[in-house]
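In: Next input, structure requested:
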Amino acid sequence: MQTTLASVLKFEGRGLHSGQPARLTLRPAVADTGIVFVRTDAAGQGARIPALWHNVEVSPLNTRLTQGAVSVSTIEHLMAALSGCGIHNAVVEIDGPEVPIMDGSAAAFVRGIVSTGLTRMMAPLRAIEILDEVRVSHNDAFSSLRPATSLQIDFEIDFPDAAIGHQQKTLNMANGSFVRELCDSRTFCRNSDVEEMRSHGLALGGTLENAVVVDGATVLTPGGLRHADEAVRHKMLDALGDLYTAGRPILGRYTGYKAGHNLTNALMHALFEQPAAWRLVTCDTQIAARLPGVGVSVADLHAVA
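Out: Next up, the predicted model:
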C-alpha cells in the first residue's frame with residue numbers, strides 16, 4: 001500500500017549553489033499524488049512541479065526541476081531521503097530556488113522523516129519492474145538498469161585525487177540499508193574546482209561544513225571522512241534520488257560507472273522510450289517487503305553520523 005508522512009516537517013538552510021536561504025516544508029499528501037514541489041514564492045501554474053524525469057533540466061552538478069519559468073534545484077538529496085524512507089506521496093513547499101543543502105547529505109531529512117513516522121494509505125502501490133537491460137553512455141561513463149527482484153545499486157568511481165581514488169560499492173536498497181549505509185554521506189568536490197564553480201555563479205553556499213572538499217591526498221573538511229568510501233556512497237545516494245523521478249519505486253539493478261545526474265536522467269528517458277523493457281506491477285506483501293524504506297525504524301538512525 002502507498003504511504004505518506006505522518007505529520008508536517010520543516011527545514012531551513014541555504015542552497016549549495018545559489019547560496020540563497022530557503023524554508024522547506026514537507027506535507028502529507030493524498031494517494032497517487034507522488035512527490036510534488038511547490039514554489040510558494042512564485043505565482044501561476046509553474047509554481048507546482050511534479051518530481052518526474054521529464055521535468056528535469058539536465059545539469060552535471062545537481063538535479064533541477066523546471067516548469068515554465070519556475071525551477072527548484074538540488075532536489076536529489078531530499079528525493080533520496082523520501083525514497084529511502086518509503087514515502088510515496090508528499091508535497092514539498094519551498095520559498096526559494098534551491099533545496100537547503102543542510103550538511104551536504106540526506107541525514108537531516110531522514111532524521112525528520114523517520115522520527116515523525118509515516119501513514120499507510122488504503123491504496124495499492126505499483127512499482128516499475130525492469131524486464132530488459134536499458135543502458136546509456138557518454139565517453140567512458142555509463143549507467144544502466146537490468147532486471148532484479150529489488151532495487152539494487154552498483155556504483156564505481158575513479159578520481160585522480162588520492163583522497164578519493166578508485167571506489168566501488170554494491171547495495172541492496174531493501175530493509176533500511178539507505179538509512180544505515182548511505183544517508184549521511186556528503187557531497188564532495190576538489191578544492192581546485194571550487195573557485196571555478198564560483199566564477200560561474202555556483203557553489204555560492206558551499207563551505208567546509210556542508211561538503212567534503214579534497215586537495216590531492218588531503219581532506220580539508222574538519223573531522224575528515226565519515227566513511228572511507230564516502231564519495232562513492234554519496235554517488236549512490238544521488239542515484240537513488242534521481243531514480244525516484246521515475247515516479248514510482250523501481251525493481252531493478254542500477255549500475256553507474258563514473259555516472260552523474262545527467263546520465264541517470266538520460267537513463268530515465270531511455271527507459272520510458274522502451275515500453276517493452278519495463279512493466280507496472282502491483283506490490284503484494286512479498287514485493288513490498290523488498291522496497292526501500294520498508295522496516296525502517298528509529299533504531300536505524302543509530303548508524304547515522
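In: And L267, how close does it get to R48?
Out: Distance, L267 to R48, using C-beta to C-beta, to the nearest Å: 26 Å. Using the backbone N, CA and C atoms, a C-beta is placed for each residue, glycine as well.
In: Format the CA atom coordinates belonging to stretch 186-203 as CSV.
Out: What follows is stretch 186-203 as a C-alpha-only set of coordinates in CSV (Å, rounded to 0.1, in the frame of the first residue of the first chain):
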residue,chain,number,x,y,z
ARG,A,186,28.1,14.1,1.9
THR,A,187,28.6,15.7,-1.5
PHE,A,188,32.2,16.2,-2.4
CYS,A,189,34.4,18.3,-4.6
ARG,A,190,38.0,19.1,-5.3
ASN,A,191,39.4,22.3,-3.9
SER,A,192,40.7,23.3,-7.3
ASP,A,193,37.1,23.2,-8.6
VAL,A,194,35.6,25.5,-6.0
GLU,A,195,36.8,28.8,-7.4
GLU,A,196,35.9,27.8,-11.0
MET,A,197,32.4,26.9,-9.9
ARG,A,198,32.0,30.2,-8.0
SER,A,199,33.2,32.1,-11.1
HIS,A,200,30.2,30.6,-12.9
GLY,A,201,27.8,31.5,-10.1
LEU,A,202,27.8,28.1,-8.5
ALA,A,203,28.8,26.7,-5.0
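In: tell me the mean pLDDT for it?
Out: Taken as a whole, stretch 186-203 has an average pLDDT of 79.
In: now do stretch 34-50
Out: Mean predicted lDDT for stretch 34-50 stands at 88.
In: What segments of the stretch 1-150 of the chain are strands?
Out: Taking DSSP state E, counting those that start in this stretch, the strands of the stretch 1-150 of the chain run over residues 3-5, 9-14, 21-28, 35-39, 48-50, 56-57, 64-67, 70-72, 90-94, 118-120, 126-130, 134-138, 141-146.
In: What is the neighbour count of T119?
Out: 14 (other C-beta atoms under 10 Å).
In: now do V56
Out: Counted with other C-beta under 10 Å, V56 comes out at 23.
In: So L267 and R48 - more neighbours on which side?
Out: Between L267 and R48, counted using other C-beta under 10 Å, the more crowded position is L267 (27 against 14).
In: Quick one: residues contacting the more buried one.
Out: Residues near L267 by C-beta atoms under 8 Å, 6 or more residues apart in numbering: 134-136, 143-145.
In: What remains of the residues you listed if I keep only buried residues?
Out: The neighbour count (16 or more other C-beta atoms under 10 Å) marks 134, 136, 143-145 as buried among the contacts of L267.
In: I'd like these as TSV, with distance to L125 and pLDDT appended.
Out: As requested, the buried ones among the contacts of L267 are exported to TSV (distance: C-beta to C-beta, whole Å; pLDDT from 0 to 100):
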residue	distance to L125	pLDDT
V134	22	98
V136	27	98
S143	25	98
S144	25	98
L145	19	98
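In: and which of the residues you listed is nearest to R253?
Out: L145 (6.9 Å; C-beta to C-beta).
In: Can you name the residues that contact the closest one?
Out: Counted by C-beta under 8 Å, 6+ apart, L145 has contacts 130, 133-135, 250, 252-255, 267, 271, 277.
In: So which residue is dead centre in the protein?
Out: G241 (2.0 Å; C-alpha atoms, centre = their mean).
In: So that residue belongs to a helix, correct?
Out: Yes. Counting by DSSP: H, G, I helix; E, B strand; the rest coil, G241 is found in a helix.
In: Go ahead and confirm it touches V99.
Out: No. Checked against C-beta atoms under 8 Å, the pair G241 and V99 is beyond contact range at 10.4 Å.
In: Quickly list what's touching both of the two.
Out: With C-beta under 8 Å, 6+ apart as the test, G241 and V99 both reach 75, 77-78.
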